[in-house]
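Asker: no sequence for this one, just the structure:
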């Protein structure tokens with residue numbers, strides 16, 4: 001139980017670390033923009049008083065680009081976290097398409113399945129979502145490679 005809690009805390013802590021990095025990068029980009037924008041600004045000058053936002057078209061456009069950049073950093077951090085193993089935080093690999101629209105009653109709806117390269121689990125993502133956003137389902141599997149690499153002596157004893 002505690003190992004499972006440890007993995008969850010590690011997983012969410014890694015997301016918080018990436019979001020903190022995105023916030024730092026975004027803040028640095030805004031600081032850099034404000035540092036070199038107005039000719040009267042000095043090095044390490046804090047914006048006090050009236051800023052150029054809303055008064056200067058080019059500055060307002062650059063702040064809009066900065067906002068898009070910041071949103072993109074947060075989006076990339078969350079999207080990257082979605083495709084990571086919940087146990088070891090490695091990127092999920094080996095996408096396999098399962099299911100079929102033609103044989104939906106036998107094989108199920110089309111999904112894309114990713115697995116952890118170290119065999120900790122798999123992530124199933126719906127290919128098409130008709131009823132709104134369907135969250136991906138994560139399945140813990142322990143160590144799926146253990147059966148593949150079992151010693152020959154173990155397999156001989158089974159027969």
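Answerer: Structure received. What you see is a predicted model, and the numbers here were worked out from it, not measured in a lab.
Asker: got the contact list for the spatially closest residue to residue 7 that is not a sequence neighbour?
Answerer: In space, and not counting its chain neighbours, residue 7 is closest to residue 87: 5.0 Å by CB to CB, 6 or more residues apart in numbering. From N, CA and C alone the C-beta is placed, and that goes for glycine too. Residues in contact with residue 87 (CB atoms under 8 Å, 6 or more residues apart in numbering) are 7, 116, 120-121, 140.
Asker: can you flag which of those residues belong to strands?
Answerer: Among these, the residues falling in strands (DSSP state E) are 121, 140.
Asker: regarding the residue nearest to residue 7, what is its secondary structure?
Answerer: Taken by DSSP: H, G, I helix; E, B strand; the rest coil, the conformation at residue 87 corresponds to coil.
Asker: and it, what pLDDT?
Answerer: pLDDT, residue 87: 85.
Asker: now swap in residue 155 and tell me
Answerer: Residue 155 is given a pLDDT of 56.
Asker: ends of stretch 114-130, what's the gap?
Answerer: Start-to-end span of stretch 114-130 (CA to CA, to the nearest Å) is 21 Å.
Asker: what does stretch 99-117 give?
Answerer: 22 Å.
Asker: which residues does residue 77 contact?
Answerer: Residue 77 neighbours (CB under 8 Å, 6+ apart): 15, 18-19, 21-22.
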